[in-house]
Each structure stands twice: as C-alpha cells, then as structure tokens.
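*Asks:* predicted coordinates and the sequence they were generated for:
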Protein chains: 2
Amino acid sequence: MHESAASPQTEARTEAAQRVLEASKILFAERGYDGVSIRDIAEKAKVSKANVFHHFGSKANLYAAILEQVAEQLGTKLDVLRDSSCSVQERVARFAELDLQDQLEDPHCVYLFLRQLMAPNNTEQRRKAEQVIRDSLRSLLQLLEQLQEQGELPADTDPLALTLAIAGGNFMYFQLQGILAEFQRDGRPVDPSTFSRSLMHLITPAVNNGPTPPTTRG
Amino acid sequence: MHESAASPQTEARTEAAQRVLEASKILFAERGYDGVSIRDIAEKAKVSKANVFHHFGSKANLYAAILEQVAEQLGTKLDVLRDSSCSVQERVARFAELDLQDQLEDPHCVYLFLRQLMAPNNTEQRRKAEQVIRDSLRSLLQLLEQLQEQGELPADTDPLALTLAIAGGNFMYFQLQGILAEFQRDGRPVDPSTFSRSLMHLITPAVNNGPTPPTTRG
DNA sequence: TTTCCGACTGATCGACCGGTCAGGTTGGAA
DNA sequence: TTCCAACCTGACCGGTCGATCAGTCGGAAA
C-alpha cells in the first residue's frame, strides 16, 4: 500500500506521478470529480491507467491529494495579512488585491475550491472548504474591526458585511471577467487592479487615500 | 420523437414527468450532471428508468429542461427592478434583499446556475448562464448610475464595482450562511434581511432607507 | 552474480452507465 | 366495440467506469 493521504508530503514524487497531479488538477477543476475518468487523467499525463492507481491507490485518494494541495495554496494567502508591517488600511487593500490576483493567476484552484464548497453540508469535503474560508475571512474581519476601532471606518458600518462584500466582489469579478467589458462605456476590459482599487474606494472612502480621484495611478 | 427542448412548454406534463423534473432539479443541483444517473432520478421520482427517456428523450435533454426552468425563474427577478413605482433607492435596496431571499428560498436553483457558470468558456451552457447574469447585473448597474446622476451616490464611486459588491456579498452570505454565526460576537445567526440592510448601508449610506442624516462622509 | 523492490504496463474483471425495445395498460375518439 | 396513441414497464444492449492482477524492467543492495 501507499502512504496515507493525510501525510503532508510534497516530497519525492516520481515525474510521472507529478504529471498525474497536474493533469488531475486541471481536469477536476474543469469537469468535476464525476466528469473525469482515470482514463482521461492517464491520457493527459501520458501515463498508463494502472500507474495512476499504483501511485494514488484510488480515484478518491487522488482527488483528496489535489484538494489538500489547493487548501495549502489558499492558506498561504493569510501570511500577507499578518506579517505585513504597513498600516492596517494598506493591509486590507493589499489583501483584496492579492486575493483577486491569486484567483486570476490560478483559476483551477478557485474552481476546485468552489466545487468543494458545493458538496452537501456535513460532509468532510464541505467542512474542509469551510475551514479554509473561515480562516481567511476571520483574518480580514479582524483587520476591519481593528480599522473601526481606529476610527478609520464609520462606527455604524458592519465589518462582517464589509468582509463579505470585498470577498464577494472579488469573486464576482473573477467569474464575470469576460463580460464586464461590455458594461463599461468605452467597452474596454476592466483592469483587475483598477477594479480592486474601485472596490476598496467605494466600500470605505476612508481607506482610500482621501482626495485622489480613482484614475489610473502609477 | 419529442418536442424540441427549445419550446417554451410549461403546459401539459404528466404527473410522473413532473416528479422527474423535481427529482432531477434536486439531484443535479446537489451532485452535478455527471454525478447523477438516470437510475437515481427514476428511483427518486418513483418512475421506471425507461419512462424518463420516454418523456425527455435523453439525459442531456432533461438537463437542458431543468436549466431552462432555472433561467426562467431567475429572469423574473428583474420585474421588481423595472415595474416598481417607488424611489430608485428603494428599488436598489429591494433588489438586493429580494435577490438574497430568492437564493435562500431555492438553493437548488443557485447551485444549478453556479454549475452552469462553471462550464468551460464558449460553450452554450456557459453563454446562457452569462446571458442571465448579464441582464440582471445590467439592470442593477443602470439603477445605480441613475442614482449617481441624481447625486444620491458620490460621483467618485464606481457603479460597476458597487454592483459586483452587492451581488457578490449576497452570494457570499448565501454560501457561508452556516458559518457566519460564529463571526458574530453573540454567536447568533445573521438574519438575512438584517444583513441585506447592513450591506446596503455600508456600501452607500445615502441609499439606506432609514432617516439617516447626510453622513459625515469622511 | 543474484536478489529484491519500486515504477510501470496490458489485459481483464464485475458493476454500472445511457439508451433501446417489445410489449402491457389505459382512456378517449370513431 | 374497435382502434389508436400516449403512458409506462422489465429486460436487455454495448460501452465505459474504477479497480485488480500478473508480470516486465532497471537499478540498488547482498
């Protein structure tokens, strides 16, 4: 048999096994667990079907390995929130912008996470997804509460609603990126960092650097 | 053969066929197209497997029928935006609240729509989903622009970002409803209409229906 | 050399998939 | 009463699914 999927191994993986992981990630993200067969994965990874089972034991195990990889990747986002030595405002703005960038850079990750979140309640899959998003949102929420205590955020605004608006706005941009252009008067695509700034600005003008108009700044 | 799936028939459907539709909607929403077999549907609908094919021709046809039903249901939301005779502010607020209510009342609809949106780009499925969301967002966006012309919305806020923040915030609430309670200091679940009001308030205090004085806006 | 072990493969399994088919049943028009 | 069309079913089909297995191969250990 093989090592339990719970072990945090990113270590010695055969080149073939690595190809299987990469192919799986893409295919599972695009078509979902049931929409992908081991044959599809093996073919894309240029590996025999039996070899997939040799390395990962079962389809469920392989999927679990992918999800673990995704959760790990998404978890690292938090570091920016804690470690940064700049002001709270900047940290919030950076978080929002980085969150959007991460989504745009690795869409497969987002789709995998979203599918995990769509699993029925009280399943291990769903709980794990909730854990990831809980950690992320809680950190952002705490930052916003901190901001409110500093008086940089109006006292009557709800930090929780603000948190969801930021995260949700980013997600919406990510999902609808392709059709946002036609909402613009000039018909040009919306630049992600510009959007990020607009989002921060409209939600809490106090966070933005005061009188500067929301035009492109270097 | 059967009627083309494109026909807008909500008409004479056998009781059995109706049961199949309902069962399909739930199962497809929960597990996705590939995660559900005709056997599963037939069993849940208490109908023979062959009868499913008799009424809907193929699995793909059945799924298309479900999606059409979903699109129709989601499209009706727009009426509230247009017909209402109340002020623009109220219409925006009502739209946000109604949007959230709709999601909470029929989660299966949301999941089906989300799965449709996760289909690869340039597929008919994906395009149809984009069409629905485009219509909805455009209406909301126009309302907000109208609001901005009236001076009820700061001139330097981006209506598009605001639109996505509202829609995204609602979606986030819907998805994370179960874990939001522990973000509250009192640990109690967040009431949807309360959340809706908070969301509207923080995004643009002027829109808030309450007799809030012209905010400090600083 | 011989032994041994992990990487890897082609052939194959039973189960289940979407879909078909022949035929039974029923209700209303002719 | 006859007839026909629609509703509905159990049995069945070819194909694909996840998974297994016997066995090949190459390199490190003995």
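*Replies:* Perfect, I can see it now.

*Asks:* could you pick out the longest helix of chain A?
*Replies:* helix A:124-149 (DSSP state H).

*Asks:* mean confidence score for whatever helix or strand comes next after that one?
*Replies:* Following helix A:124-149 in sequence order, the next helix or strand is helix A:159-180 (DSSP states H and E). Averaged across helix A:159-180, pLDDT comes to 94.

*Asks:* could you export the worst-scoring helix or strand of chain A on mean pLDDT as PDB, CA atoms only?
*Replies:* Between all helices and strands in chain A, the lowest mean by mean pLDDT, DSSP states H and E belongs to helix A:78-83, at a mean of 70. Provided in PDB are the C-alpha atoms of helix A:78-83 (Å, rounded to 0.1, in the frame of the first residue of the first chain):
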ATOM      1  CA  LEU A  78      -3.100  34.800   5.100                       C
ATOM      2  CA  ASP A  79       0.600  35.500   5.600                       C
ATOM      3  CA  VAL A  80       0.300  38.800   3.900                       C
ATOM      4  CA  LEU A  81      -2.300  39.800   6.300                       C
ATOM      5  CA  ARG A  82      -0.300  39.100   9.400                       C
ATOM      6  CA  ASP A  83       3.300  39.700   8.600                       C
END
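
*Asks:* mind giving me the packing neighbours of that helix?
*Replies:* If you count contacts as 3 or more Cβ pairs under 8 Å, 6 or more residues apart in numbering or on different chains; DSSP states H and E, helix A:78-83 packs onto helix A:88-105, helix A:124-149. Just so you know, the C-beta spots here come from the backbone N, C-alpha and C atoms, and that holds for glycine as well.

*Asks:* residue B:168 is nearest to which of these?
*Replies:* helix A:88-105 (11.5 Å; Cβ to Cβ).

*Asks:* and the contacts of the following helix or strand past that closest one?
*Replies:* Remark: after helix A:88-105, the chain's next helix or strand is helix A:107-117, criterion DSSP H and E. Contacts to helix A:107-117, defined as Cβ atoms under 8 Å, 6 or more residues apart in numbering or on different chains, come from residues A:25-26, A:28-30, A:32-33, A:66-67, A:70, A:73-74, A:102-103, A:125-126, A:128-130, A:132-133, A:174, B:114, B:118, B:175.

*Asks:* quick revisit: enumerate the positions of the longest helix of chain A that are buried.
*Replies:* The neighbour-count check on helix A:124-149 (16 or more other Cβ atoms under 10 Å in any protein chain shown) flags A:125-126, A:128-130, A:132-134, A:136-137, A:139-141, A:143-145, A:147-148 as buried.

*Asks:* for stretch A:26-39, same thing?
*Replies:* Of the residues in stretch A:26-39, A:26-33, A:36, A:38 count as buried by neighbour count, 16+ other Cβ under 10 Å.

*Asks:* and the contacts of that stretch?
*Replies:* In this structure, residues lying in contact with stretch A:26-39 by Cβ under 8 Å, 6+ apart are A:24, A:40-41, A:44, A:49, A:52-53, A:59, A:63, A:66, A:107-109, A:111-112, A:115, B:31-35, B:118, B:120.

*Asks:* residue numbers of chain A in contact with DNA strand D?
*Replies:* Chain A comes close to DNA strand D at residues A:36-40, A:49-50, A:53, A:57-60, as judged by Cβ under 7 Å from any atom of the strand.

*Asks:* circling back: what's the longest helix of chain A packed up against?
*Replies:* Packed against helix A:124-149, as judged by 3+ Cβ pairs under 8 Å, 6+ apart, are the following elements: helix A:59-75, helix A:78-83, helix A:88-105, helix A:107-117, helix A:159-180, helix B:159-180.

*Asks:* relative to DNA strand C, how far out is the residue of chain A found nearest chain B?
*Replies:* With Cβ to the nearest Cβ as the measure, residue A:168 is the residue of chain A nearest to chain B, at 2.6 Å. Distance of residue A:168 to DNA strand C, computed by Cβ to the nearest atom of the strand, to the nearest Å: 33 Å.

*Asks:* how many residues are close by that residue?
*Replies:* Look at residue A:168: counted by other Cβ atoms under 10 Å in any protein chain shown, it has 24 neighbours.

*Asks:* can you list the domains in chain A?
*Replies:* Domains of chain A are assigned by automatic domain parsing as A:15-65, A:76-203.

*Asks:* name the nearest residue to residue A:118, ignoring sequence neighbours.
*Replies:* Closest residue in space to residue A:118, ignoring its immediate chain neighbours: residue B:111 at 6.1 Å, by Cβ to Cβ, 6 or more residues apart in numbering or on different chains.

*Asks:* quick one: that neighbour and DNA strand C, what's the gap?
*Replies:* Using Cβ to the nearest atom of the strand, we find residue B:111 at a distance of 18 Å from DNA strand C.

*Asks:* repeat that for residue A:121.
*Replies:* From residue A:121 to DNA strand C the distance is 23 Å (Cβ to the nearest atom of the strand).

*Asks:* try residue A:130
*Replies:* Per Cβ to the nearest atom of the strand, residue A:130 is found 28 Å from DNA strand C.

*Asks:* so what's that residue up against?
*Replies:* Residue A:130 makes contact with A:117, B:176, B:178-179 under the criterion Cβ under 8 Å, 6+ apart.

*Asks:* what about 10 Å?
*Replies:* Contacts for residue A:130 (Cβ atoms under 10 Å, 6 or more residues apart in numbering or on different chains) come out as A:116-117, A:121, B:175-176, B:178-179.

*Asks:* could you dump those to CSV with neighbour count?
*Replies:* Formatted as CSV, the contacts of residue A:130 follow (neighbours: other Cβ atoms under 10 Å in any protein chain shown):
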residue, neighbour count
A:116, 23
A:117, 17
A:121, 8
B:175, 24
B:176, 19
B:178, 12
B:179, 15
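
*Asks:* can you list these in a markdown table and add distance to residue B:195?
*Replies:* As requested, the contacts of residue A:130 are exported to a markdown table (distance: Cβ to Cβ, whole Å):
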| residue | distance to residue B:195 |
| --- | --- |
| A:116 | 24 |
| A:117 | 19 |
| A:121 | 20 |
| B:175 | 13 |
| B:176 | 11 |
| B:178 | 14 |
| B:179 | 14 |
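
*Asks:* I'd like the next helix or strand past the strand or helix carrying residue A:29.
*Replies:* Of the helices and strands defined by DSSP H and E, residue A:29 is found in helix A:15-31. Proceeding N to C from helix A:15-31, the next assigned helix or strand is helix A:38-45, under DSSP H and E.

*Asks:* buried sites along whichever helix or strand comes after that next one?
*Replies:* Where DSSP H and E defines the elements, the next helix or strand beyond helix A:38-45 is helix A:49-56. For helix A:49-56, a neighbour-count test (16+ other Cβ under 10 Å) marks A:52-53, A:55-56 as buried.

*Asks:* so what's the closest residue to residue A:178 other than its chain neighbours up against?
*Replies:* Excluding its sequence neighbours, the residue lying closest to residue A:178 (Cβ to Cβ, 6+ apart) is residue B:121, at 6.9 Å. By Cβ under 10 Å, 6+ apart, the contact list for residue B:121 reads A:178, B:127, B:130.
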